[in-house]
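>>> I'd like to go over a predicted model; first the sequence, then the structure.
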Amino acid sequence: MKVHLLKKEQWLPISIQEAWEFFSSPRNLDEITPPELGFKIVSLPEEEMYEGEIITYKVKLFPGFWIPWVTEIKSVEEGKCFVDEQRSGPYRFWHHRHSFEQKNGGTLMTDLVHYSVGKWVIGDLAHVLFVRAQLEKIFSFRREILEKKFGAP
């Protein structure tokens with residue numbers, strides 16, 4: 001299984017507290033996810049994130065074909081970082097660390113995603129032809145939405 005890395009950083013002109021309040025709520029994922037993914041929360045036990053929380057979503061792979069995506073919040077360091085891992089869903093492996101650092105009068109947000117698509121040549125081909133581009137598109141969309149929402153440069 002080949003594990004890929006995606007790292008994205010974005011500076012936002014907001015406090016760490018404001019960034020934490022926004023990003024630690026799974027309900028805000030819908031706002032920062034491209035609409036064509038049809039991202040929907042199916043179950044969310046609590047509004048406030050906690051270690052061990054299981055969140056169920058569904059995403060649209062293509063028109064008419066939805067798949068469930070189950071993640072677990074593996075760790076939470078209030079105001080600093082949290083990690084979500086896929087339990088089942090579109091990836092063979094998914095580990096996403098969200099971290100926040102006070103910098104230049106705002107907050108530097110870093111997403112570090114380790115992921116795997118599948119086995120052997122099929123997984124590598126899917127990654128090259130579709131998956132990496134889709135992830136880049138998702139994070140580009142997120143960047144644009146956050147710039148508008150928080151007035152980032």
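Everything's here; your move.
>>> what's around residue 131, how many residues?
19 (other C-beta atoms under 10 Å). (C-beta placed from N, C-alpha, C; glycine too.)
>>> Identify the residue nearest residue 49 in space, chain neighbours excluded?
residue 24 (4.7 Å; C-beta to C-beta, 6 or more residues apart in numbering).
>>> Next, the contact list for the one you found, please.
48, 49, 76, 82 (C-beta atoms under 8 Å, 6 or more residues apart in numbering).
>>> Check residue 85 too.
So residue 85 contacts 71, 72, 74, 94, 95, 96 (C-beta under 8 Å, 6+ apart).
>>> For ChimeraX, what selects the buried ones among the residues you listed?
Those of the contacts of residue 85 that count as buried under 16 or more other C-beta atoms under 10 Å are selected in ChimeraX with:
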select :71,94,95,96
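>>> Can you tell me which of the contacts of residue 85 lies closest to residue 111?
Nearest to residue 111, judged by C-beta to C-beta, of the contacts of residue 85 is residue 96 at 6.7 Å.
>>> Dead centre of this protein: give me the residue that sits there.
In the chain, the residue lying closest to the centroid (C-alpha atoms, centre = their mean) is residue 96, at 6.6 Å.
>>> can you map out the strands along the protein?
Under the criterion DSSP state E, the chain contains strands at 4-12, 40-43, 54-62, 65-77, 81-88, 93-103, 106-116.
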